[in-house]
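1. what follows is a predicted structure for the sequence shown.
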Amino acid sequence: MMTQDKLESFYQQQIELSKNDPINSEEKILKQAVLRLNGQVVGIVLGIISALVIFIATNWLVLKGGDVVGPHLSLLGQFFIGYSVTFFGSFIGAVYGFIVGYVGGLLIGWIYNAIVFLRSPKSRR
């Protein structure tokens with residue numbers, strides 16, 4: 001059993017520990033870590049999404065067929081050298097889509113992190 005003095009000492013220690021507020025500091029560290037974006041992860045995700053969109057859209061138009069296949073989508077050939085609205089062109093477009101999406105994701109992550117850095121208090125930098 002604890003004596004009255006030990007019990008009071010224990011409660012006093014608990015009060016002192018609560019004054020340091022470790023939960024609040026953990027929350028600050030967590031917020032600081034969560035506010036940052038990993039540009040490579042965002043880039044990979046946007047790259048995969050872009051590649052899939054171009055690949056699926058091109059093959060959808062190829063399977064649909066018709067006299068003129070995808071006149072609007074074929075305009076991507078102006079930017080993506082070698083791209084055309086064909087099955088083989090869908091692979092070329094997917095590669096270009098991944099590259100553009102990846103670079104875009106890197107830029108989004110970099111700009112976002114720069115804004116978070118500038119808006120954060122100087123004590124957290």
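-> Nice, I can see it. Values in this document were obtained by computation on a predicted structure and should not be read as measured data. Residues are numbered from 1 along each chain as shown.
2. tell me who's in contact with residue 41.
-> Residues near residue 41 by C-beta atoms under 8 Å, 6 or more residues apart in numbering: 105, 109. Bear in mind the C-beta positions are built from the backbone N, C-alpha and C, glycine included.
3. pull the longest helix from this protein.
-> Determined from DSSP state H, the single longest helix within the chain is helix 87-119.
4. just the helices in this protein please.
-> Using DSSP H, helices in the chain cover 4-20, 22-34, 39-64, 87-119.
5. now the last one: average pLDDT?
-> Over the span of helix 87-119, the pLDDT mean works out to 93.
6. cool, and the shortest one?
-> Helix 22-34 shows a mean pLDDT of 63.
7. who touches stretch 79-94?
-> Counting by C-beta under 8 Å, 6+ apart, stretch 79-94 makes contact with 51-52, 54-55, 58-59, 61-62, 69-70, 73-74, 76-77, 96, all of which sit outside it.
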